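Student: Fold the following and give me the result.
(chains A and B)
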Amino acid sequence: LSRYTATTEHDRERMLATIGVGSVQELFDRQIPAGVRLGRALDLPDGMGEQDVYAHLRELASRNVSAEEEVSFLGAGMYDHYVPALIDMLMERSEFLTPYTPYQPEISQGGLQVMFEYQTAICELTGLPVSNASVYEGQSAVAAAAYLAKLHNARSKLVVSAGMHPHAIQTLRTLAHGYGMSVVEIPLTDGVTDIDAWTEAIDGDTSAALFAQPNFYGAVEDAAALSAAAKSDERAPVVIAQVDPIALGILMPPGECGVDVAVGEGQPLGNRLDFGGPSFGLFAAREEYLRRMPGRIAGETVDVDGRRGFVLTLQTREQHIRREKATSNICTSQALNALAGVVYLAWLGRAGIVELGELLLARTHYARETLSSLEGIEPLHTQPVIREFAVRLDADVAAVKRRCAAAGVNPGVDIHDLTGRDADRGGLLVALTERRSRADIDRLADVLGASVGAERQAVAA
Amino acid sequence: MTAVSESPLQRERAQTIFEKGAPGRRAFVCPKLDVPDVDAETTLLPARYRRTEPPRLPEVSEPEIVRHYVGISKRNFDLDSGFYPLGSCTMKHNPRLHERVAALPGHARLHPLQDPARAQGALELMYRLQGALAEISGLPHVSLQPSAGSHGELAGLLLTRAYHEHRGENHRLRVLTPDTSHGTNPATVTMAGLQVVKLATDAHGGIDLEDLRAHADTDVACLMLTNPNTLGVFDPNIEEIARIVHGAGATLYYDGANLNAVMGLSRPGDMGFDIVHFNLHKSFTQPHGGGGPGSGPIAVSERIAPFLPTPIVLRRGVGDADDDAAVGAGSNGTAPAEPVFDLDYGGADGEGPGSRSIGRLRGFHGNYGCFVRAYAYIRSLGADGLRDASETAVLNANYLLARLREADVAEHLPLAYGELCMHEFVLSGGPMKRELGLKTLDLAKRLLDFGFHPPTVYFPLLVDEALMVEPTETETRETLDAFADAIVEILREAVTDGPEVARGAPYTTPVRRLDEVAAAKRPVIRQALS
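Tutor: The predicted model follows:
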């Protein structure tokens, strides 16, 4: 008898007698060849009681500096938004936390309805008519969209803006090898996709053309112009945009910009940072892609008595039916994280998502102006920004970050660390959420300005 | 047919959050504008970039949101409410301790791009989890990055391709998969740009060795295998299978969906596998969340290690990983100058883990929240507890199987293969369908009225009217008995009252059988909004 099991000695005797074997060991000896039995204990620590495990995990947590303990401007795909308490409460409910995928719809209407509501919300945000019930997360969602394009037009080239998240581009390169596709990267000019290079690169072999909105450097792209350029020829590729769902409260939705498939990281919608996951990837598309979508999709129907109900639908796309002919190998969605997403959107509401967008826009503008006025700091580009912006420090970013950390401020992400691009040396990506007030921004300016100054002096000396 | 009056949940017609509320209602209070009010429309974001109408999100108050979602939650069955013997899904108890520790701000509000020196607790946890998974699998190197089992499979096949390509064997494009395999296996093969070759199953439920030998040529890249397989059969020829596959120069991939049968008892690495994926949400009891999140780390042999996805967590310097005094440096938020645990992107030597990496598979470092829970589970159980979990899982499965092989059941629902089973078993509903007029689907739907989640149905495909049962180790003998009794009762009901009762089931659920054909024919996948 150990943790979470209930079989007493007495139970075991009865059960073994019913089975007709002498011992539990016999069950294994009769089924596992002797040559592959372990024959020793695993070399792992002994088990611990609940309070000791708690203490150990708490000790590990205490050696992390979370957004609770510093004024953090970290972003680059995941953001420290406030998660309302009702989301914690709903996610902890057994009815949402502990079921499996809704294979039995009669007893899974709650989860299926959440998926249906989630799909509705994502369609509204993106301006696209079709959404699945979510995929793993936002960066691999880009590769999943590229696979959709391959299934759609069987072409082999992916034209990718360098403004996409570096992890999205890296993931795309990994998976494109499996897909048998090549990746062509289009450079940026003043922070946004170079539209001439973009237009020139897109040809009849191009399966998909991909960009981010806003892009990795915080810049708002001219999405309509990029889509139009990609579609100037009749052999147009699938146009894929990686979007920030929070920004879509005020930004023109991808569906109105000529985008065919919109994907994005769902974490900003009511999900914790969790050191990078789990979160969810949103995935929406035009109607014509419906039957090639990856992942689960919930649909509305009726039961035998005529009651409204929901089921997993279009399952003939999926791996458990189609096996090697499936449109994706994805099995689960990120149901619990998508639940947080749709509850968050309901909590923000129709007016709230716009107010939040305007607040971020104003604060981000203020922060960029304030930082750019400091000695040794200049903006990396001059494009409109919504919730994140890039500056260049005239000092070593890692060293400056260490100085800021000592003052309790995390000024942002070292851009070169992520992209590895020479042009990004000195780049700092600064992200805002509604939790970063003007006072926090002013503190950032003080600390960052002083740190850059001190670092330049130290190097000069 | 039993006449049943409508239950309260059945009377309550489904209404989405978009159909509730009223214009002007809200829950969110936006922080006040505390920076200068500039003309946003023209200065900050020109009109051509702006949306003209706000998204039509719900307009609801906080109490309405709570009542709505609590209300629809009650239309779900869940593991905390009852037995959930879904085969190959390992629906074992989800300890609430795991939710508590994962929610600690030091884990939950940690940004993935925090400097490694200031995320030492998280990196140490990941390092220790890598080590534990390596020990459990018998394979030395681990990547925690894949997001789910299917993602781990994709990683594994891309690793296989990279391994063969590095050896100049680009022609190895065929992947052998038994006909009992999970659907994700062949689907993944296609996504990795490889070709599926199906292998037959022998009379005992294992791989047909003759078929394997016939297909194991120099064009084969990999054999993907679940062991015990989806029939609950541990392949008795596993050593010979490994010899044949390695002899042909191919790799051997272990689908870890069924690892719960063998933890601490047998290790994939010792069986000869090169690559394993774990389902942390199965064997290591991450809650399934109604269909995700999952987490699918992989472990690999030395020869595959150079190709691993990066980053991998490593420990710098020498010393014992369990030396808490050494790794405890820098507590209370102060960071050591040089991080002890760090993210490694693979050295340039072409030998070490990740040095010839296939690249990244997703953003950041994987589903850390799942790592916290899996690690808490491994530390709670320890070596003995993990073995006990697998032993009890196998004991429970064999006990339930024995109960269902008693008279009156076995004649209608015989065991598809073998005599004993590992952690799950597969019954065939073929005789039940022929003799009682009851399909496996009918039995499953009638089980809903008895308060049980049905087993996995119609899988694996090679078993007629399959019913795949995995009770897990956390169920009591009383629960197993009650489930067996319900099966007995449903079969008795079919004999005495005819098959119509089960064919009309369920009767007691919030909705009854749903028209899935209509849903697929004319898909309605979002709420119409006005």
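
Student: rest of the way, CA atoms for contacts and neighbours
Tutor: OK.

Student: what's the closest residue to B:Thr474 other than its chain neighbours in contact with, if anything?
Tutor: Spatial nearest neighbour of B:Thr474, excluding adjacent residues (CA to CA, 6 or more residues apart in numbering or on different chains): A:Thr5 at 4.6 Å. Each residue near A:Thr5 by CA atoms under 8 Å, 6 or more residues apart in numbering or on different chains is listed here: B:389, B:392, B:473-476.

Student: farthest-separated two in those?
Tutor: Greatest spatial distance in the contacts of A:Thr5: B:Ala389 and B:Thr476, 13.0 Å, computed using CA to CA.

Student: These two: which is more packed in?
Tutor: Taking other CA atoms under 10 Å in any protein chain shown, B:Ala389 and B:Thr476 do not tie; B:Ala389 has more neighbours (27 against 17).

Student: Surely B:Phe450 touches B:Ala486?
Tutor: Yes: the pair B:Phe450 / B:Ala486 is scored as a contact, 6.8 Å apart, by CA atoms under 8 Å.

Student: next helix or strand past the lowest-mean-pLDDT helix or strand in chain B?
Tutor: Lowest on mean pLDDT, DSSP states H and E among the helices and strands of chain B sits helix B:324-327, with a mean of 41. Scanning forward in sequence from helix B:324-327 by DSSP states H and E, the next helix or strand is strand B:341-344.

Student: ok, that next one near chain A or not?
Tutor: No: on the criterion CA under 8 Å from any CA of the partner chain, strand B:341-344 is out of touch with chain A, staying 11.7 Å away.

Student: I'd like to know the average pLDDT value across the longest helix anywhere in chain B.
Tutor: Determined from DSSP state H, the single longest helix within chain B is helix B:368-404. Helix B:368-404 comes out with an average pLDDT of 98.

Student: Please apply the same query to stretch A:81-95.
Tutor: 98.

Student: who touches that stretch?
Tutor: Residues from elsewhere that reach stretch A:81-95 (CA under 8 Å, 6+ apart): A:96-97, A:268, A:270-272, A:336, A:339-340, A:343-344, A:433-435, B:66, B:69-70, B:73-74, B:76-81.

Student: In PyMOL, how would I select the buried members of the residues you listed?
Tutor: A single PyMOL command selects the buried members of those (16 or more other CA atoms under 10 Å in any protein chain shown):
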select buried, (chain A and resi 96+97+268+270+271+272+336+339+340+343+344+433+434) or (chain B and resi 66+69+70+73+74+76+77+78+79+80)
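
Student: what about B:Leu448, distance to chain A?
Tutor: Using CA to the nearest CA, to the nearest Å, B:Leu448 is found at 8 Å from chain A.

Student: For that residue, which residues are in contact?
Tutor: For B:Leu448, the contacting residues are A:107, B:454, B:506, B:508-509, by CA under 8 Å, 6+ apart.

Student: shaky segments in the stretch 351-500 of chain B?
Tutor: By pLDDT under 70, the stretch 351-500 of chain B contains no weakly predicted segment.

Student: Correct me if wrong: B:Val488 contacts B:Ala407.
Tutor: No: counting by CA under 8 Å, B:Val488 does not reach B:Ala407; the two are 9.6 Å apart.

Student: Run a quick neighbour tally on B:Arg303.
Tutor: 12.

Student: helix or strand for it, which one?
Tutor: Short version, using DSSP H and E: B:Arg303 is in no helix or strand.

Student: From B:Ile244, how far out is it?
Tutor: Going from B:Arg303 to B:Ile244 by CA to CA, to the nearest Å gives 18 Å.

Student: just the helices in the stretch 101-250 of chain B please.
Tutor: With helices called from DSSP state H, counting those that start in this stretch, the stretch 101-250 of chain B shows them at B:105-108, B:120-137, B:149-166, B:184-191, B:209-215, B:238-247.

Student: Distance to chain A and mean neighbour count added to those helices, as TSV?
Tutor: Formatted as TSV, the helices of the stretch 101-250 of chain B follow (distance: least, CA to the nearest CA, whole Å; neighbours: other CA atoms under 10 Å in any protein chain shown):
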stretch	distance to chain A	mean neighbour count
helix B:105-108	4	26
helix B:120-137	4	24
helix B:149-166	6	26
helix B:184-191	4	28
helix B:209-215	16	15
helix B:238-247	8	18
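
Student: Worst mean pLDDT among these?
Tutor: helix B:184-191 (a mean of 92).

Student: what's the angle from that helix to helix B:149-166?
Tutor: Helix B:184-191 runs at 50 degrees relative to helix B:149-166, counting by axes from the mean of the first three to the mean of the last three CA atoms, to 10 degrees.

Student: Go ahead and name everything in contact with helix B:184-191.
Tutor: Contact partners of helix B:184-191, identified using CA under 8 Å, 6+ apart, comprise A:178-179, A:319-320, A:322-331, B:150, B:153-154, B:157, B:175, B:177, B:195-196, B:224.

Student: Tell me which of those fall in strands.
Tutor: Judged by DSSP state E, the subset of these located in strands is B:175, B:177, B:195-196, B:224.

Student: of B:Val488 and B:Ala407, who's got more company?
Tutor: More crowded of B:Val488 and B:Ala407, by other CA under 10 Å: B:Val488, with 18 against 10.
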